[in-house]
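Student: quick one, what's the 3D model for this:
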Amino acid sequence: MPPNDPKLRLEAVLEEIDMSRSAFYRMRARGKAPKTIKLPNGQIRVRRSDLDSWWAAQELEAA
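Tutor: The predicted model follows:
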């Protein structure tokens, strides 16, 4: 993990992948979403590097 790997808010992730919150949670339940971090207050974050890796995996699956 890069030393300054930003942790993105779920809203930013949803906007980037153009997906609704409910669709994201369904995908997450199936183990197909980017890796997430759940904070003690219940909020969800996604590391930039995890989102980039997820994008790369989606491109490989589509090829």
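Student: what average pLDDT does the helix or strand V46 falls within get?
Tutor: Assigned by DSSP states H and E, V46 belongs to strand 44-47. The average pLDDT for strand 44-47 rounds to 97.
Student: could I have the CA atoms of that strand written out in CSV?
Tutor: Extracted in CSV, the C-alpha atoms of strand 44-47 (Å, rounded to 0.1, in the frame of the first residue of the first chain):
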residue,chain,number,x,y,z
ILE,A,44,-17.3,3.1,4.6
ARG,A,45,-14.1,4.1,3.0
VAL,A,46,-12.2,2.7,0.0
ARG,A,47,-8.4,3.1,-0.5
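Student: so what does that strand touch, helix or strand wise?
Tutor: Applying 3 or more C-beta pairs under 8 Å, 6 or more residues apart in numbering; DSSP states H and E, we find strand 44-47 packed against strand 7-9, helix 10-17, strand 37-38. In this view, the C-beta of every residue, glycine as well, is placed from N, C-alpha and C.
Student: next, format these as TSV and append distance to Q58.
Tutor: Listed next are the helices and strands packed on strand 44-47 as TSV, based on distance: least, C-beta to C-beta, whole Å:
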stretch	distance to Q58
strand 7-9	17
helix 10-17	9
strand 37-38	20
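Student: buried stuff in the helix or strand where A56 lies?
Tutor: Using DSSP H and E, A56 maps to helix 48-62. Using 16 or more other C-beta atoms under 10 Å as the test for burial, helix 48-62 gives 48, 50-51, 54.
Student: for stretch 29-42, same thing?
Tutor: Result for stretch 29-42 [16+ other C-beta under 10 Å]: buried residues 33-34, 36.
Student: need phi/psi at K35.
Tutor: phi -60, psi 140 (degrees, to the nearest 10).
Student: contact partners for R47?
Tutor: 1, 5-8, 35, 37 (C-beta atoms under 8 Å, 6 or more residues apart in numbering).
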